[in-house]
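Predicted model, plus sequence, below.
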Amino acid sequence: MTAVVWFRNDLRSLDHRALSAACAKHQNVRGLYLLSPKQLDEHIIAPIRRHYLRRALDELGRQLGDLGIVLDIIDGGHFADATKHLGNYCRDHQIDTVYAHREWLLDEIHRDAACIEAGVPLTLIDDSLLSPLEIATGDGGPYKVFTPFSRRCRTQLMANFPVCSRRPKAVADKIDNAPCPPFGQERDASAWPANQDDVLEQLRGFCAERAHDYREYRDIPDLDNTSRLSTALSLGLLSPRQCLARLQQECGDAIWDASSGAGTWLNELLWREFYRHVAYHFPRVVRGRAFQAYTEQIPWPNDAALFDAWREGRTGYPIVDAGMRQLRDTGWMHNRLRMITASFLCKDLHIDWRWGERHFMESLIDADFCSNNGGWQWAASTGTDAAPYFRIFNPTTQGKRFDPNGDFIKHYLPELQDLTPKAIHQPKEQGNYPAPVVDHQKVRQITLALFKNVRD
Ligand SMILES: Cc1cc2nc3c(=O)[nH]c(=O)nc-3n(C[C@H](O)[C@H](O)[C@H](O)COP(=O)(O)OP(=O)(O)OC[C@H]3O[C@@H](n4cnc5c(N)ncnc54)[C@H](O)[C@@H]3O)c2cc1C
């Protein structure tokens, strides 16, 4: 009898519980990926992410080939068609078990439940989170605030350190899997490693060389001091367990100290987990709704011309524009800039956070629904644990604080090349560079009123 491992956002062969289980229990194992170009078009995945996904599938094919496992990449049609395609596949290949990792978004949960109901022999395994989805507060409800959630996770992880799965044994002689054909318009993503060994080396390098001063330098966009592993994590080329194991290997017990560099990095991994828990327990956020219900009433003016200025990096606020051009030019943006640009869109331009959320999903190479939604709702003060609505980033002060000499700004705004560190954060209109599209002090007052009016 034959088992199939259904790969979704877990495109790796190491520390993959479903693959390990299949190889341990079955003599014949296949791999399957349902590729849905139609669905990717509907959700508008960034061309750079398409290229990354295709390379990741090629690499997965190579890794599985080394284990003697065929990787079938088949057109999965629309999301709702998975039951039909999987059912046919099981019949054609006489599959007795389908192994896959459990997911947490509503559509994925319904899809898997429908497969099981239709008789697909699907076995779901918990793999992709450090913290079980079921962890609850003392009252038995889900966590809505990050700090107690992270404390609880740390305690659990200390008591029960997660172990990575063993390298799966080959089930047959090496084979060559066919490469994945292009599916839609692509943009070169070769700057991002898609090979699991290169990703593991990237992780090792970060943990050994930069994790210790991560806390100090992580907010400076001009220093490349964050891990840049979000891209690999978003498609599961790397597991959070592998991150934790390597972090501990390089930094020892410092990982449990939230004030150390390594402990701060672990905290970021826990933010990622937290937003997955929120999406699972409060599925309204997956349906485009605000977590804080009262903020649904805010009449966002949504000026399309201002939205275009933000998207194109010509708001006249240099740190905002540099961040948006980093996104446009590279498909990635530093976390501090994601916070600044998101805050600016909602609280200075008064544009609905969902517009920005969508633009990021369509542009980022590391687009991840839960982290993106969580980040946007945090910045817009509409989410769990949100920044209070009256805390409004001043884009000029943020620029002075996190890019004091303007080095990052100059990299993305060459038109400001000749300005001094003092002048660069409040440049006058010059050449192609515009005057500020809004007056921060004035629009700040409007933001306060927008929130206050619906809150009272
Ligand atoms: C408005 C907004 C939108 C965002 N959209 C995404 C997105 O689509 N995809 C995405 O992966 N992250 C998103 N983030 C979170 C964060 O900005 C990125 O994960 C981070 O910049 C990636 O860089 P890194 O890998 O060098 O992170 P590091 O600083 O090295 O952090 C390590 C890992 O922790 C996770 N992480 C770090 N910060 C956060 C955070 N605030 N929330 C959740 N997880 C985090 C990521 O997986 C990251 O790779 C968003 C944040 C904001 C404010």
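Cool, got the structure.

export stretch 216-228 as CSV, just CAs?
Output in CSV follows, covering the C-alpha atoms of stretch 216-228 (Å, rounded to 0.1, in the frame of the first residue of the first chain):
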residue,chain,number,x,y,z
GLU,A,216,20.2,46.5,20.0
TYR,A,217,20.2,46.8,16.2
ARG,A,218,17.1,45.1,14.9
ASP,A,219,15.2,48.4,14.4
ILE,A,220,17.9,50.1,12.2
PRO,A,221,16.9,49.3,8.6
ASP,A,222,20.3,50.3,7.2
LEU,A,223,22.0,47.5,9.3
ASP,A,224,21.2,44.1,7.9
ASN,A,225,20.8,42.7,11.4
THR,A,226,17.6,40.8,11.3
SER,A,227,17.5,37.2,10.0
ARG,A,228,15.6,37.7,6.8
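
is the ligand contacted by it?
Yes: contact between stretch 216-228 and the ligand is present through 218, 226, 227, 228 (criterion: Cβ under 6 Å from any ligand atom). All C-beta atoms are positioned from the backbone trio N, CA, C, and that covers glycine.

So what's the residue count around residue 404?
13 (other Cβ atoms under 10 Å).

Identify the residues contacting the lowest-mean-pLDDT helix or strand in the chain?
Considering only helices and strands, the least confidently modelled element of the chain by mean pLDDT, DSSP states H and E is helix 37-42, at a mean of 79. Contact with helix 37-42 is made by 50, 75, 76, 77, 78, 79, 183, 184, as judged by Cβ atoms under 8 Å, 6 or more residues apart in numbering.

I'd like to know the phi and psi angles of residue 98, please.
When read as degrees, to the nearest 10, the backbone of residue 98 gives phi -110, psi 120.

Give the full set of residues in contact with it.
For residue 98, the contacting residues are 3, 4, 5, 6, 32, 86, 90, 115, 120, 121, 122, 123, taking Cβ under 8 Å, 6+ apart as the criterion.

out of these, which are inside strands?
Cross-referencing the contacts of residue 98 against strands under DSSP state E gives 3, 4, 5, 6, 32, 122, 123.

Look at the second one and report its pLDDT.
Confidence at residue 4, expressed as pLDDT, is 98.

got the contact list for residue 373?
With contacts defined as Cβ under 8 Å, 6+ apart, residue 373 is in contact with 275, 279, 285, 286, 357, 383.

Next, the spatially most central residue of the chain: phi, psi?
In the chain, the C-alpha closest to the average C-alpha coordinate belongs to residue 368, at a distance of 3.4 Å (Cα atoms, centre = their mean). The main-chain torsion angles of residue 368 are listed as degrees, to the nearest 10 and equal phi -140, psi 120.

Find the nearest non-adjacent residue to it, please.
Across the structure, with Cβ to Cβ, 6 or more residues apart in numbering as the measure, the residue nearest residue 368 apart from its sequence neighbours is residue 234 (4.5 Å).

As a markdown table, the contacts of helix 37-42 with neighbour count, secondary structure and pLDDT would be great.
Rendered in a markdown table, the data for these read as follows (neighbours: other Cβ atoms under 10 Å; DSSP: H, G, I helix; E, B strand; the rest coil; pLDDT from 0 to 100):
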| residue | neighbour count | secondary structure | pLDDT |
| --- | --- | --- | --- |
| 50 | 20 | helix | 95 |
| 75 | 12 | strand | 89 |
| 76 | 19 | coil | 86 |
| 77 | 16 | coil | 83 |
| 78 | 12 | coil | 82 |
| 79 | 16 | helix | 79 |
| 183 | 19 | coil | 85 |
| 184 | 12 | coil | 86 |
